[in-house]
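[1] Everything below, folded, please.
(chains A and B)
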Amino acid sequence: MSNASTHTLDHADDHHDHKPTSFLNRWLFTTNHKDIGTLYLILALVMFFVGGAMAMIIRAELFMPGLQLVEPDFFNQMTTMHALIMVFGAVMPAWVGFANWMIPMMIGAPDMALPRLNNWSFWILPFAFTMLASTLFMDSGGPAAGWTLYPPLSLQGGQSFAFVVFAIHMMGISSIMGSINVIATILNMRAPGMTLLRMPLFVWTWLITAFLLIAVMPVLAGAVTMLLTDHFFATSFFNAAGGGDPVMFQHIFWFFGHPEVYILILPAFGVVSEIIPTFARKPLFGYSAMVYATASIAFLSFIVWAHHMFTVGMPLTGELFFMYATMLIAIPTGVKVFNWVSTMWRGAMTFETPMLFAIGFVVLFTIGGLSGLMLALASVDLQYHDTYFVVAHFHYVLVPGAIFALMAGTYYWLPKWTGHMYSEKWGKIHFWISAISVNILFFPQHYLGLAGMPRRIPDYSTQFADFNMISSIGGFIFGASQLIFLGVIIHCVYKSREKASGRVWDGAKGLEWTLSSPPPYHSFNTPPVIDSTTVAHAEGAH
Amino acid sequence: MKKQNTFIVAAAVTAAVIAAFWLLLAAPGYTGNEINMTRGVTTQSAINYQLHMIVLWICVVIGVIVFSAMFFSIVLHRKSRNHEAAQFSHSTKAEIIWTVIPILILVVIAVPATKALVNMEVAPETEMTVKITGFQWRWKYHYVEDDIQFISSLDAVSNAARRLSSGTDPLSVDNYLLEVDHPLVLPANTKIKFLLTADDVIHSWWVPALGWKRDAIPGFINEAWTEIMEPGTYRGQCAELCGKDHGFMPIVLNVLPRAEYEQWVQQQQNRMVDERSEVERLWSREELMELGEDVYAAQCAACHQSDGMGLAPAFPSLAGSAVANGPVNEHIDVVLNGRAGTAMQAWGNMLSEADIAAALTYTRNAFGNESGDVVQPQTIYRIKNG
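    Below is the predicted model:
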């Protein structure tokens, strides 16, 4: 500990050196992990509001039965683009931003292993999303077949479909390069003494996520390329009339798609596993079990894909296999939830904003997990499938799941990143309004689905009117409350006068807290000394 | 004193968590809205309802236990109460317990889930077969043994009311969006096999009261079965995104007692005979225009719009169009066989010869088109049958 502290002091004196001064050099040509992390986070925040605006259009049209605002085809473009932008534009880049900022600081490295690749993997993305969004202004409109792009429907789109496919290719290339960088950094750049089982859980979850990304993004690229040639070059991969198979696309898509949803949520597990011990002032319970549970979830994610397809007419044995495999996921996920509760158990908890979001995550993600167990049962899924029950399920795991974890992480590390404290009062207001409104928004959707409302419809029978209106009201409040989040961030970066200490939170453990706030431009120029007092999690917890 | 305090907090937290679950899962039902899965009218739907309730209750109990422990800890183990943080960080015994217990719970769930699935998928000997074909955006039903077939589309009242800013209040429309022109009529207490396929994109045929949905996929024939216990009217809709009017292709089942069903079959067969004689006779221009206006409103207006102006760019205008004013045989070909690569479907096997002839006559003489052509049903019949 003492070695690390003196090291930190040295850095505090010269931390403004080497920083490029011109705007272009600093941001366009940057190879610095913190600057690139910031760029990723800004992009993600912008996309979060763009995708959120589309969600507001969807909820506004669904506020009452009857079509009041948009034509059905535009509604379908909104549901499709909302999903593509939130998944590929908001949540994934946000996690890469966190990885960029935190992984070098957490493992005692000066920067990412491949800084130029890092620059490239970011700067592809603004072009990819510009191209994707531009389809909305083209004659044939944006993609309207759902983010799953099932043929033959997706092949009915016009010329703009080529832009969608190319945008997805670029996002995939960016993700693969980012993942290579994460893996290379974690496996090669750890400070001496930072053994794999001493790494913070956030680093572990990202290491596993990066392998998932490398495994499945090429699969998605292959699937959309076949759509492209079916559409423009008269191939028949998925066209039954030409000897192709439309169901094959679904198998390929979900072989990507199911690991993809764990790509969105595993880093969230990591962040929450950092925050809860800090504010419980107690080591993470069952560190090794958490690592193995994460790896198990990642493995299982490759053998459950067809649970998205129970209605396509698979043989009974196939359905049984995918049902049992899916049910198994409950076990490692349960271990995680039990370990978080055990970490809180008999701690000395305080409830600053990051902890509030982390607790909100555990409760609401668990609700989404439990409805996931219900959906796993193939027989009754023939009722749930493609209804608002499914919409409620995946929004529970993605919004108060992945997004709450992103917000928890933002509040947790924002003082470290900026050197200023954010407004605790407004952070808490943001949490409470978000946590209440997100339930008003999504819980009634369970009822709608069970009562028989299909998803992806712009208008509905009058029996569904009440809960749609309640859900929309919750949606508008939730959407508006995110402006508070934006305000808190802007205030913290530009206006806050309250200086943050290096440690920031008195219960915080781990290497990033041994650095000053804000940290030096190159995190660790000389490797820190790692011993049982500087690692984030208790030794011997294996 | 300390013990008592702990007990009170634990009881209060558990009560609060149970109250929260009641508030979420039961209280909204008192608004008079349906909030739960239907029990339905088949053995499959009843089994699925039971399975749903079993797993729901298991989830509620797990939720109550986990959240109670968590909130108990949140109330008591906080710094503001001067609680000292313990420093334990693992317990192999605890880890084993909360791995093994969930496995046991999963086994308990897997047994009824497996039985339900086997019952769903292994069809018994069936007595009749209905082939269901999904089109954008209507269903075609074909009674294989009795050779009755017809198209079922959203009814005209809902169809008018659902237009953007139609000015009609959906609450004033009976069964808004869940009414069709020709319901699927089925006999009660009869084992029925369904064969499902689609003509254009993937659809999914779902009536919640039957307890399942099944995708209708072009190039595939999926199977499902049912035996409906009670006569009545049951409603559902397409459950797989199938394009712009996905929300507007409902399903209505009219389930009749066996004897009434037999009568209905007889009527339909007579109707089909009448239709055949209608094809043979010569129709007047007025008759065709009148029928054509109805057919156009029900089948064509969704894309080409009621004023014939279409919706650029996907759905071309018919007013003054080269096809509607050009050679009549090319126009007939487009309507019968569709146009590949566009949303224009092949109507040849979906509508009767009279309907197609009337729609063609109408579109060639409406919206300012003045071809003056009259297309006779027998012309369509001859072209269709070579």
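
[2] Who are the contact partners of the nearest residue to B:His77 once chain neighbours are set aside?
    In this structure, B:His77 finds its nearest non-sequential neighbour in B:His83, 4.8 Å apart by C-beta to C-beta, 6 or more residues apart in numbering or on different chains. C-beta coordinates here come from the backbone N, C-alpha and C atoms, glycine included. Under the criterion of C-beta atoms under 8 Å, 6 or more residues apart in numbering or on different chains, the contact list for B:His83 reads A:Arg346, A:Gly347, A:Ala348, A:Met349, B:Leu76, B:His77.

[3] doesn't B:Ala12 make contact with the fifth one?
    When you say that, I think you mean B:Leu76. No: between B:Leu76 and B:Ala12 there is no contact under C-beta atoms under 8 Å: 11.1 Å.

[4] Grab the nearest non-local neighbour of the residue of the stretch 151-300 of chain B found nearest chain A.
    Using C-beta to the nearest C-beta, the closest approach of the stretch 151-300 of chain B to chain A is made by B:Gly219 at 2.2 Å. Closest residue in space to B:Gly219, ignoring its immediate chain neighbours: A:Ala240 at 2.2 Å, by C-beta to C-beta, 6+ apart.

[5] Could you check the pLDDT of that neighbour?
    You'll see A:Ala240 listed with a pLDDT of 89.

[6] what's the burial count for it?
    Using other C-beta atoms under 10 Å in any protein chain shown, A:Ala240 has 18 neighbouring residues.

[7] what does B:Ile97 give?
    Neighbours of B:Ile97 using other C-beta under 10 Å come to 12.

[8] one step back: for the contacts of B:His83, which one is nearest A:Asp73?
    The shortest separation between A:Asp73 and any of the contacts of B:His83 is 50.6 Å, and it belongs to A:Met349 (by C-beta to C-beta).

[9] Could you pull up phi and psi at the residue nearest to that closest one when sequence neighbours are not counted?
    Leaving out its chain neighbours, the residue that sits closest to A:Met349 by C-beta to C-beta, 6+ apart is B:Arg78, at 4.6 Å. Main-chain torsions, B:Arg78, degrees, to the nearest 10: phi -120, psi 150.

[10] Please name the residues that touch the residue lying closest to A:Ser517 once chain neighbours are set aside.
    The spatial neighbour of A:Ser517 that comes closest, neighbours along the chain excluded (C-beta to C-beta, 6+ apart), is A:Ala500 at 4.2 Å. Under the criterion of C-beta under 8 Å, 6+ apart, the contact partners of A:Ala500 comprise A:Pro415, A:Lys416, A:Thr418, A:Gly419, A:His420, A:Met421, A:Ser517.

[11] after the longest helix seen in chain B, next one along is what?
    When chain B is parsed with DSSP state H, its longest helix is helix B:43-76. Scanning the chain past helix B:43-76 towards its C-terminal end, the next helix or strand to appear is helix B:92-121 (assignment: DSSP states H and E).

[12] what about that next one, near chain A?
    Yes: if you take C-beta under 8 Å from any C-beta of the partner chain as the test, helix B:92-121 does meet chain A, through B:94-95, B:98-99, B:102-103, B:106, B:109-110, B:113-114, B:116-121.

[13] for that helix, which positions count as buried?
    By neighbour count, with 16 or more other C-beta atoms under 10 Å in any protein chain shown as the criterion, the buried positions of helix B:92-121 are B:94-95, B:98-99, B:102, B:105-106, B:109-110, B:112-114, B:116-117, B:120-121.

[14] With stretch A:54-68 instead?
    Of the residues in stretch A:54-68, those scored as buried under the neighbour-count criterion (16+ other C-beta under 10 Å) are A:54-59, A:61-67.

[15] Which residues are in contact with the residue lying closest to A:Phe302 once chain neighbours are set aside?
    The shortest distance from A:Phe302 to any residue other than its chain neighbours is 6.2 Å, reached at A:Pro259 (C-beta to C-beta, 6+ apart). Contact analysis of A:Pro259 by C-beta under 8 Å, 6+ apart lists A:Leu212, A:Ala215, A:Val216, A:Ala298, A:Ser301, A:Phe302.

[16] Kindly recompute the last result at 10 Å.
    A:209, A:211-213, A:215-217, A:219, A:266, A:297-302, A:304-305 (C-beta atoms under 10 Å, 6 or more residues apart in numbering or on different chains).
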